[in-house]
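[1] I'd like to go over a predicted model; first the sequence, then the structure.
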Amino acid sequence: QASIRLRMKSVTVRDALNQAMDEELERDERVFLMGEEVAQYDGAYKVSRGLWKKYGDKRIIDTPISEMGFAGIAVGAAMAGLRPICEFMTFNFSMQAIDQVINSAAKTYYMSAGLQPVPIVFRGPNGASAGVAAQHSQCFAAWYAHCPGLKVVSPWNSEDAKGLLKSAIRDDNPVVFLENELMYGVPFEMSEDSQSKDFTIPIGKAKIERQGNHVTLVSHSRFVGHCLDAAAVLAKEGIECEVINLRTIRPMDVESIETSVMKTNHLVTVEGGWPQFGVGAEICARVMEGSAFNFLDAPVTRVTGVDIPMPYAKILEDHSLPQVKDIIFSVKKTLNV
Amino acid sequence: MKTMLTVISNALCRITGKNVGAQTVPEGARVAVTRNFADFTPQVTFDIKKCDLHRLEAGPPVKAELTREQGLQYYRTMQMVRRVELKADQLYKQKIIRGFCHLYDGQEACAAGIEAAISPSDHLITAYRAHGYTYTRGVSIRQILAELTGRKGGVAKGKGGSMHMYAPHFYGGNGIVGAQVPLGAGIALACQYRGNNQVCVTLYGDGAANQGQLFETFNMAALWKLPCVFICENNKYGMGTAVERAAASTDYYKRGDFIPGLRVDGMDVLSVREATRFAADHCRAGKGPIVMELQTYRYHGHSMSDPGVSYRTREEIQEVRSKSDPISLLRERMLSNNMASAEEFKEMDVEIRKEVDDAAQFATSDPEPPLEDLCNHVFSNNPPLDVRGTHPWSKLKSVS
């Protein structure tokens, strides 16, 4: 037991992302990183720390503040056979470039009937941070996951971050990789396997983070942690939650959700994004259309961000996003206890 | 021409001993002997217009050499593009082609001249007026027309249509105005990254010239010295808006600001060729990007839904046709310098028409793509995935 624990390593999400990029840059010389402050500044959030020093100007490229331009350049480079990682300082700024992500990247393989692949990764922090207010706090999971031709990935912990980013870089298709700024500094134990240079996590497969029989909690990114916290509290009251970490938003692993619901008969979705037309809404629709519907003992409950632009004052911001107590409350309501 | 035929006919008569005596050969009669190609001038040096220059000490040469072979090849290319576009017009009016159809007739010298100056290993990307470039970059006219008619034999299996045709080193065909410009710079970045001495020719129109993403691209291309030849095909109208109404500066060759530029007569295939060669050399020498403005003209409206006469006069169109048509210009140059015969051009025209008719025949008889193909090609190199159809019971399959 002791030896296994020794081989586990505490790694922050930031370092896991850094490792993933470092390993993939080393493995394939077509891979390169471009974005604002990624090179000499070591990354706005230090995710690319040390990479420019190691790989130089050719592989780690600082861009001017020109999202539409550099996203287009990255897509063009991918069309010509390189494997760019295009960083948006936050996904809020990706709106400037969203045409290149959707119309130039996502749709091209289809429009060309397979002649022109676009092996690109768009990555950066997504969703709310702390005190950055409305224009810097939006969650884009639902927007990007709406579009065929894109894969949309949303890691929670360090293992997710590393394994999924490596898969995204190795994928021959456009992948939108939604990180979370508040998670960058959070350390997680990483298994020995996950420290290997060939460690990847498949895109499109969810993970059961905690087994349970009474209710299924489905979440992505930071709120997986909130779900686990809620589950710990609820366990003291005899309510066992099964917590599913989606890991990938598109293609969504609906099967894992359905299998769980067929066991627990209750489903609560938890996300940071707005409720309308969101990830939870999609899960509701899919569960209704599929085999698990008949196993539901209650309607699906969605726990979401409040349907408003993000306010600045701390008390207001705290009340704009799902808190652990909101999840606990929703579980009990769903179970009618 | 008649005199020449008479001379040969008489010579033949003398040799064979038949029908001795001078004879007049009827106009257009076929002479039963192959023309002696030694009669033609094999190469001529033509004067071409001097280009307006921006931040350049010297420009392309003011003389261009043309061999007979080259001339015939450029003629063939331009005439083929012309006939394909006119056929597309016809098919569109018959409702066999639908949706968007942006025709290139009038601008042929641009596509032909550019291709003459670069090599197949160079790269090219353009916007939606793309049929000409699709051809010059190597796609057969059958595959072009069948893509327009939405058949499985189309270059994109019928899934792309007019604006989304692709080939090796040809990146379409792009529907969003101006979006292709950063893409082109990205392709140029890949060339620089690989150190392969290739360039990317990135085309856009006078309308797209006002898009913000162009200026973002110019900045990065210049900063990083990307081997990108930016070419503005200025056909004087952005859809229905004349350039003066859209641009505070219509000197498109200067709009790259810190990027050197040149303005070129886009109706003369030789001018286009020399300028493109000059521009590509500039990039290959590591001097960074360059902007080229080709002054050209489109006979059709913006697209098939635009008659093209509400914002310009028929007289203007007719004047360009009679004085500046790129195909006529080349033919007249070659004829007046005895580089080829009128018959040869006529024969080529007949051949080209037949090829286009055959291609149209294919394009109208080839079957539409099978429904099984509906969801394919969403992802590359991917295991098959399920795709939701129009209702929950419709479970479709997608393969790469």
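    Arrived safely. Residues are numbered from 1 along each chain as shown, chains lettered A, B, ... in the order given.
[2] What does the pLDDT read for B:Thr16?
    Looking at B:Thr16, its pLDDT stands at 48.
[3] what about the residue most central in space within chain B, which SS state?
    A centroid search over chain B (Cα atoms, centre = their mean) returns B:Ala111, at 2.8 Å, as the residue closest to the centre. Classification of B:Ala111 using DSSP: H, G, I helix; E, B strand; the rest coil returns helix.
[4] show me what contacts the residue nearest to it when sequence neighbours are not counted?
    Spatially, and ignoring its direct neighbours in sequence, B:Ala111 is nearest to B:Gly132 (3.9 Å; Cβ to Cβ, 6 or more residues apart in numbering or on different chains). For every residue, glycine as well, the C-beta is placed using N, CA and C. Counting by Cβ atoms under 8 Å, 6 or more residues apart in numbering or on different chains, B:Gly132 touches B:81, B:85, B:104, B:107-108, B:110-111.
[5] Where does B:Gly138 fall, secondary structure wise?
    Using DSSP states H and E, B:Gly138 falls within no helix or strand.
[6] typo on my end, it should be A:Thr269
    strand A:267-270.
[7] which ones are touching A:Leu51?
    A:Leu51 is in contact with A:18, A:21-22, A:25, A:33, A:38-39, A:42, A:59-60, counting by Cβ under 8 Å, 6+ apart.
[8] and if we set it to 10 Å?
    If you count contacts by Cβ atoms under 10 Å, 6 or more residues apart in numbering or on different chains, A:Leu51 has them with A:18, A:21-22, A:25, A:33, A:38-39, A:42-43, A:59-60.
[9] Return only those of those found close to chain B.
    A:Arg59 (Cβ under 10 Å from any Cβ of the partner chain).
[10] any idea which of the contacts of A:Leu51 is closest to B:Ala146?
    Closest approach to B:Ala146 among those (Cβ to Cβ): A:Leu33, at 40.9 Å.
[11] Not counting residues beside it along the chain, what's closest to the closest one?
    In space, and not counting its chain neighbours, A:Leu33 is closest to A:Ile85: 4.6 Å by Cβ to Cβ, 6+ apart.
[12] Show me the longest helix that occurs in chain B.
    For chain B, the helix with the greatest residue count under DSSP state H is helix B:68-93.
[13] can you give me the helices in the stretch 251-400 of chain B?
    For the stretch 251-400 of chain B, the helices defined by DSSP state H, counting those that start in this stretch cover B:269-284, B:314-324, B:326-336, B:342-365.
[14] For the chain, give me the ranges with low pLDDT.
    Answering for chain A, as no chain was given. A:1-6 (pLDDT under 70).
[15] you looked at the wrong chain, it should be chain B
    Using pLDDT under 70, chain B drops low at B:1-38.
[16] Next, work out how far apart the residue nearest to the centre of chain B and chain A are.
    Per Cβ to the nearest Cβ, to the nearest Å, B:Ala111 is found 20 Å from chain A.
[17] my read: that residue touches B:Tyr135, true?
    Yes: judged on Cβ atoms under 10 Å, B:Ala111 makes contact with B:Tyr135 at a distance of 7.5 Å.
[18] which residues do these two both contact?
    Taking Cβ under 10 Å, 6+ apart as the contact rule, B:Ala111 and B:Tyr135 both touch B:77, B:81, B:104.
[19] From chain A, how far out is the spatially closest residue to B:Asp386 that is not a sequence neighbour?
    Residue nearest to B:Asp386 in three dimensions, not counting chain neighbours: B:Lys395, with 5.8 Å by Cβ to Cβ, 6+ apart. According to Cβ to the nearest Cβ, B:Lys395 stands 10 Å off from chain A.
[20] next one: B:Glu344
    Per Cβ to the nearest Cβ, B:Glu344 is found 36 Å from chain A.
[21] count of neighbours near that residue?
    18 (other Cβ atoms under 10 Å in any protein chain shown).
[22] Likewise for A:Asn126?
    So A:Asn126, with other Cβ under 10 Å, has 29 neighbours.
[23] and the gap between it and A:Ala74?
    Going from A:Asn126 to A:Ala74 by Cβ to Cβ, to the nearest Å gives 18 Å.
[24] quick one on the thing from earlier: who are the neighbours in contact with the residue nearest to A:Leu33?
    A:20-21, A:24-25, A:31-35, A:38, A:48, A:60, A:74, A:120-123, A:165, A:168-169, A:175, A:177.
[25] and it, bridged to which residues?
    Beta-bridge partners for A:Ile85, by DSSP bridges, are A:Leu33, A:Val121.
[26] which SS class is the residue nearest to B:Ala111?
    Criterion first, three-state DSSP; result for B:Gly132: helix.
[27] Find the nearest non-adjacent residue to A:Thr334, please.
    Excluding the flanking residues, the one nearest A:Thr334 by Cβ to Cβ, 6+ apart is A:Thr301, at 4.7 Å.
[28] The one you found contacts A:Pro322, correct?
    No: at 11.4 Å, A:Thr301 does not count as touching A:Pro322 under the criterion of Cβ under 10 Å.
[29] near chain B at all, stretch A:102-115?
    Yes: using Cβ under 10 Å from any Cβ, stretch A:102-115 reaches chain B at A:102-115.
[30] Which helix or strand contains A:Val331?
    helix A:324-335.
[31] same question, A:Val243
    Secondary-structure assignment from DSSP H and E places A:Val243 in strand A:241-245.
[32] Now do that strand and helix A:324-335, the angle between them.
    Counting by axes from the mean of the first three to the mean of the last three Cα atoms, to 10 degrees, strand A:241-245 lies at 120 degrees to helix A:324-335.
[33] Given strand A:241-245, what are its sheet partners and their directions?
    Here, using DSSP bridges, strand A:241-245 pairs with strand A:207-210 (antiparallel), strand A:215-219 (parallel).
[34] Could you say which one of those strands comes nearest to B:Gly195?
    strand A:207-210 (42.5 Å).
[35] got the CA coordinates for the closest one in PDB?
    The C-alpha atoms that make up strand A:207-210 are tabulated as PDB, following Å, rounded to 0.1, in the frame of the first residue of the first chain:
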ATOM      1  CA  LYS A 207     -16.000   8.800 -15.600                       C
ATOM      2  CA  ILE A 208     -17.800   7.600 -12.500                       C
ATOM      3  CA  GLU A 209     -16.000   9.500  -9.800                       C
ATOM      4  CA  ARG A 210     -18.100   8.100  -7.000                       C
END
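[36] any idea how far B:Glu343 lies from chain A?
    40 Å.
[37] Now do that residue against A:Asp171, distance only.
    B:Glu343 is 58 Å from A:Asp171, by Cβ to Cβ.
[38] With neighbour numbers in mind, choose between these two.
    More crowded of B:Glu343 and A:Asp171, by other Cβ under 10 Å: A:Asp171, with 21 against 14.
[39] show me the contacts for A:Lys332.
    Going by Cβ under 10 Å, 6+ apart, the list of residues near A:Lys332 reads A:215, A:234, A:237, A:239.
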